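# Test case, fold it:
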Amino acid sequence: MTKSILIVNHNIDEAKNIRDSLASPTTKAVCAHTIEEALEAFKCNNFCLVVLDSALSASDDHNILKAMRAAKTMPILVLSSHADHTERIHAFKAGAHAYMGKPYTDEECLAQAHTLMQFYIDMNPQSEICYTLAFGKDLIIEPETRQVMLQGSELRLTRKEYDLLFWLASNPGKVYSCGQLYDHVWDDQAAYNVDEVVKYHIKSLRKKLTVSNAEYIKNVWGIGYRFANATELRG
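Predicted coordinates for the structure are as follows:
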């Protein structure tokens, strides 16, 4: 699952240090060094978190912070090179969700960032989450275009097959009954036999995924289905 972070800092070395601390195989960090660069990146991407330099934001009377907060619902972490009570209050009033003033460690910054991203993910319905789901290089799911790439080739799925795959892949390891999957994917559409409808689509989806050797969708005996977790896929 790939998440995106926007780092806004006029100091290139500081921005790179923050980026290197936060970037991982499942997290992409984008750096912007001016207000103009930050706004352009912000408009063109869907971020789970913005890490904003307090000095750069304050130089514009926190207008960039106000604009981001008004435009999209997402956490904003403000970092400052010093601990200033007045500046902290101004940042919170402008829309910051969290503020860290030095001294703080890289570990503290990383923990705060992950907490804010997880809060964002937990509070947003899956249908509104637009970040790419990536499981190694074999399976990539792009919700904005509803495209699924399997081992470099586009997988042709029906609407319900895609919706099933996206829902399960968005919640790896979590077990769903056929009834729960039906409620999430089919909404209010009535079916004579819910279990058979879901099983039919799971079977069809699995058949299309067999191009890869990985078993992405697993049976949970007597309950339903789950998407394989990262450890199983690395297996």
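# how is this protein carved up into domains?
3-128, 133-234 (automatic domain parsing).
# Please identify the most buried of these.
domain 3-128 (a mean of 17; mean count of other Cβ atoms under 10 Å). Quick note: C-beta positions are derived from backbone N, CA and C, even for glycine.
# you'd agree residue 148 is in a helix?
No: counting by DSSP: H, G, I helix; E, B strand; the rest coil, residue 148 is located in no helix; its state is strand.
# on that earlier part again, possible to save the domains of the chain as CSV with mean pLDDT?
Listed next are the domains of the chain as CSV, based on pLDDT from 0 to 100:
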stretch, mean pLDDT
domain 3-128, 84
domain 133-234, 86
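# Give me the helices and strands touching the longest helix anywhere in the chain, please.
When the chain is parsed with DSSP state H, its longest helix is helix 106-123. With contacts taken as 3 or more Cβ pairs under 8 Å, 6 or more residues apart in numbering; DSSP states H and E, helix 106-123 sits against strand 3-8, helix 12-22, strand 49-53, strand 76-80, strand 98-101.
# go with 6 Å
helix 12-22, strand 49-53 (3 or more Cβ pairs under 6 Å, 6 or more residues apart in numbering; DSSP states H and E).
# what about dumping the CA coordinates of the longest one to CSV?
Just to be clear, that refers to helix 12-22. Taking Å, rounded to 0.1, in the frame of the first residue of the first chain, the C-alpha atoms of helix 12-22 are listed here in CSV:
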residue,chain,number,x,y,z
ILE,A,12,17.0,21.5,0.9
ASP,A,13,19.1,19.6,3.3
GLU,A,14,16.4,19.6,6.0
ALA,A,15,13.8,18.5,3.5
LYS,A,16,16.0,15.7,2.3
ASN,A,17,16.6,14.5,5.9
ILE,A,18,12.9,14.4,6.6
ARG,A,19,12.2,12.7,3.3
ASP,A,20,14.8,10.0,4.0
SER,A,21,13.3,9.5,7.5
LEU,A,22,9.8,9.0,6.2
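# how about the strands in the protein?
For the chain, the strands defined by DSSP state E cover 3-8, 27-32, 49-53, 76-80, 98-101, 133-135, 139-142, 147-150, 153-154, 176-177, 217-220, 224-227.
# Parallel or antiparallel, list what pairs with the first one.
Going back to what we said before, that points to strand 3-8. strand 27-32 (parallel), strand 49-53 (parallel) (DSSP bridges).
# Of all the ones you listed, which one is nearest residue 117?
strand 49-53 (5.0 Å; Cβ to Cβ).
# Return the distance of the closest one from the chain's centre.
Mean-position distance between strand 49-53 and its chain equals 15 Å (Cα atoms, centre = their mean, to the nearest Å).
# Restricting to C-alpha, output that strand in CSV.
Extracted C-alpha coordinates of strand 49-53, given in CSV (Å, rounded to 0.1, in the frame of the first residue of the first chain):
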residue,chain,number,x,y,z
LEU,A,49,0.1,14.0,5.2
VAL,A,50,1.7,17.4,4.7
VAL,A,51,4.9,18.1,6.7
LEU,A,52,5.2,21.9,6.7
ASP,A,53,8.2,24.1,7.8
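# Perfect, that will be all.
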